[in-house]
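Enquirer: one predicted model, sequence on top.
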Amino acid sequence: MTSPTRAGRLDPLRLLCISGPDGQAFLQAQLTQDLRLLTDGNCLRYAWTSAQGRVLANGSLSRWQDRYLLGVAADLVSSIAQRLQKFVLRSRVSIEESAPDLLERLLAGNELPAGPDWEGADIAGGVPMVSAATSDKYVPQMLNLDLIGAVSFTKGCYPGQEVIARTRHLGRVKRRLYRLRTPASMAVNSPVFGTDGEIGRVVNTARSASGGEALAVIQATAAALPMFADEQLAIGLERLALPYTMP
């Protein structure tokens, strides 16, 4: 029987299984990650972006037996599977949504590197995951995906690659992902306010012993100023450290 505690922690995550002789080549042409770096023993971060460079889905990428496994937010997995299918064309590739218990079974059998996919650990690590409410809103750099190794700038073409590369070469990202402590858990996609109005939006949330924590995309010029969870500026938000260096 699946542990209720563990199952609850897995609820926000599902897997897409990509198989077939052309699976690696297909994903290499779609994802921001370089699949040549992937082995059976490691787990990499990835994003799948639109032609405009916006992140449609992201998560962890693993290889298990003859399949590639993409961690995807549970409320996105069906739509992402359908959208990816449109790019298969003549490639010998199969795209399937995993059974809900596949991730649990793989982790229980130590056959799949778990990686930091749990909400609380991901927030502490500054690792975002877009969901239905935040899909197609941010380029990877706004989500700090370039800072956690989810974007290869040397692998070649994929959807949105030109936009993402141009953002990098311009050397200036006006919005970045920040970690915040909140008095209570905030809703995904809820606004973050500064003294002059809205300055960002929440991407992920989790409860903590002190109330809640969140990852939010914030205007870089406002990130060092006071931030609030409400338009009345009554509920203050505390900026917390990230385990990597911000540009």
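Expert: Good, I have the coordinates. Because the structure is predicted, anything quoted here is derived from the model rather than measured.
Enquirer: buried ones in stretch 223-239, by neighbour count?
Expert: 223, 227-229, 237, 239 (16 or more other Cβ atoms under 10 Å). Quick note: C-beta positions are derived from backbone N, CA and C, even for glycine.
Enquirer: oh, I was asking about stretch 53-70
Expert: Neighbour-count burial for stretch 53-70, counted by 16+ other Cβ under 10 Å, picks out 53-63, 67-70.
Enquirer: and the furthest pair within those residues?
Expert: The span of the buried residues of stretch 53-70, defined through Cβ to Cβ, is set by 53 and 67 at 27.8 Å.
Enquirer: name every strand pairing with the strand or helix carrying residue 14 and say which way it goes.
Expert: Per DSSP states H and E: residue 14 is located in strand 13-19. Under the criterion DSSP bridges, strand 13-19 sits next to strand 67-73 (antiparallel), strand 94-97 (antiparallel) in its sheet.
Enquirer: report the distance from the shortest one to the chain centre.
Expert: The reference is to strand 94-97. The gap between where strand 94-97 is centred and where its chain is centred comes out at 20 Å by Cα atoms, centre = their mean, to the nearest Å.
Enquirer: what residues does the residue lying closest to residue 85 once chain neighbours are set aside make contact with?
Expert: In this structure, residue 85 finds its nearest non-sequential neighbour in residue 95, 5.5 Å apart by Cβ to Cβ, 6 or more residues apart in numbering. With contact set as Cβ atoms under 8 Å, 6 or more residues apart in numbering, residue 95 has these partners: 16-18, 81, 84-85, 88.
Enquirer: next, count neighbours for residue 19.
Expert: Per other Cβ atoms under 10 Å, the neighbour tally for residue 19 reads 16.
Enquirer: quick one: residue 17 and residue 98 touch, right?
Expert: Yes - in terms of Cβ atoms under 8 Å, residue 17 counts as a neighbour of residue 98; the distance is 5.4 Å.
Enquirer: tell me, what's touching these two both at once?
Expert: With contacts defined as Cβ under 8 Å, 6+ apart, the residues shared by residue 17 and residue 98 are residue 69.
Enquirer: quick one: contacts of the lengthiest strand in the chain?
Expert: For the chain, the strand with the greatest residue count under DSSP state E is strand 197-208. With contacts defined as Cβ under 8 Å, 6+ apart, strand 197-208 is touched by 119-120, 122-123, 128-130, 134, 137-138, 143, 175, 177-178, 181-182, 185-193, 212-219, 222, 227.
Enquirer: ChimeraX command for the buried members of these?
Expert: To isolate the buried ones among the contacts of strand 197-208 in ChimeraX, judged by 16+ other Cβ under 10 Å, type:
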select :119,122,123,128,129,130,134,137,138,143,175,177,178,182,186,188,191,192,193,212,213,214,215,216,217,218,222,227
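Enquirer: mind checking which of the contacts of strand 197-208 land in strands?
Expert: Per DSSP E, the subset of those in strands is 175, 177-178, 181-182, 191-193, 212-219, 227.
Enquirer: so what's residue 73 up against?
Expert: Here residue 73 is in contact with 12-14, 57, 59, 129-132, 135 (criterion: Cβ under 8 Å, 6+ apart).
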